[in-house]
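Undergrad: Based on what follows, work out the 3D shape:
(one chain, ligands or ions: 1)
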Amino acid sequence: MKPFALEGDVAVVTGAASGIGREIAKTFAREGAAVACFDKNVQGLASVTAEIETAGGRALPVALDLSDSSQVNAAMQQVFETFGKLTILINCAALINYKPVQDTTDEDFHRLIDTNLCGYFYCLRAAYPYLKQSGGGRIVQFSSSTALSGSGFANIGYTASKSAAIGMTKHVAGLWAKDNIRANTICPGLTETPITDAGDGKVKDRAAHEAAIPMGRIAQPGDMAGVVLFLVSDESRYMTGTTLHVNGGKYMYGI
Ligand SMILES: NC(=O)c1ccc[n+]([C@@H]2O[C@H](COP(=O)([O-])OP(=O)(O)OC[C@H]3O[C@@H](n4cnc5c(N)ncnc54)[C@H](O)[C@@H]3O)[C@@H](O)[C@H]2O)c1
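TA: Predicted coordinates:
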């Protein structure tokens with residue numbers, strides 16, 4: 001078998017309609033996994049599913065709001081009933097805003113937490129019995145370099161949720177290792193996707209961003225998808241509870 005082959009795997013990828021999640025869904029399908037694409041963006045789901053199927057892969061579009069646990073439970077059940085197993089969960093979907101702390105309303109804060117933190121919890125909880133029944137699996141959760149730096153521009157709710165993702169990963173990695181389930185976190189640096197175009201966070205001064213990165217460029221979604229593929233492949237079989245920083249060397253000198 002090829003080193004990163006995913007034949008026989010069934011993956012749930014949240015946030016699969018856009019950006020990094022979309023690239024992960026396509027990468028997994030290319031490597032032979034059946035991919036359930038979870039997102040609230042119906043149009044984006046239709047196009048990623050069509051792209052995967054045109055390339056000869058298998059994809060199931062599932063439109064849902066990840067901040068609603070009953071929708072998450074039903075979606076995970078649908079995946080298991082459709083494919084007969086579940087072996088990979090990628091918690092990638094997230095919201096962001098760029099308001100300073102003093103302008104952040106209760107509603108703003110809860111909105112980010114409901115998707116970025118509660119949504120990850122709902123997916124972990126709903127996936128666990130199916131991963132167990134499938135003989136084990138692999139989980140990758142998306143944090144951010146924001147969890148390392150505190151971030152000058154992403155909102156406090158975003159930073160809090162991304163820090164929490166690391167702790168949640170370690171929590172389940174320890175508890176579920178006995179079930180043959182591995183869980184790891186990836187912390188991307190700035191990556192060119194629609195999320196970076198939102199509001200004031202627009203990548204306005206690309207040259208300034210890139211000057212601060214030793215490798216001299218911001219990331220592309222494929223730079224993250226490759227690391228996630230490694231984390232779900234058998235090549236990383238002795239890794240669990242770890243946090244991988246993928247940022248072109250940006251934080252190696254401190255912040
Ligand atoms: N792009 C970056 O610079 C960057 C940097 C560090 C970390 N990350 C992390 O990488 C992950 C992917 O980010 P991206 O840049 O690809 O973002 P993106 O905006 O391109 O994609 C996020 C997807 O999540 C979906 N989504 C959001 N809330 C949802 C909800 N409640 N229910 C269902 N779907 C929902 C959106 O519809 C969208 O398709 C996120 O966890 C993000 O925090 C991104």
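Undergrad: Going by C-alpha atoms from here, please, whenever you check contacts or count neighbours.
TA: Will do.
Undergrad: Show me what from the stretch 1-150 of the chain comes close to the ligand.
TA: Counting by C-alpha under 6 Å from any ligand atom, the stretch 1-150 of the chain comes close to the ligand at 15-21, 39-41, 64-67, 92-95, 115, 142-145.
Undergrad: Emit the ChimeraX select command for whichever of these are buried.
TA: Here is the ChimeraX selection string for the buried members of those, based on 16 or more other C-alpha atoms under 10 Å:
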select :15,16,17,18,19,20,21,39,40,41,64,65,66,67,92,93,94,115,142,143,144,145
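Undergrad: The residues of the stretch 1-150 of the chain next to the ligand in helices, which ones?
TA: In helices, judged by DSSP state H, the following of those are found: G19, I20, G21.
Undergrad: who's in contact with the second one?
TA: Spelled out, that is I20. C92, T193, P221, G222, M224, A225 (C-alpha atoms under 8 Å, 6 or more residues apart in numbering).
Undergrad: nearest residue to the second one other than its sequence neighbours?
TA: Pointing back at T193 there. Leaving out its chain neighbours, the residue that sits closest to T193 by C-alpha to C-alpha, 6 or more residues apart in numbering is G19, at 4.8 Å.
Undergrad: Mind picking the two most distant members of the contacts of I20?
TA: Farthest pair in the contacts of I20 (C-alpha to C-alpha) is C92 and G222. Separation: 13.9 Å.
Undergrad: Can you list phi and psi of S67 for me?
TA: Note on S67: backbone dihedrals following degrees, to the nearest 10 are phi -80, psi 0.
Undergrad: I'd like the distance between it and A94.
TA: 10 Å (C-alpha to C-alpha, to the nearest Å).
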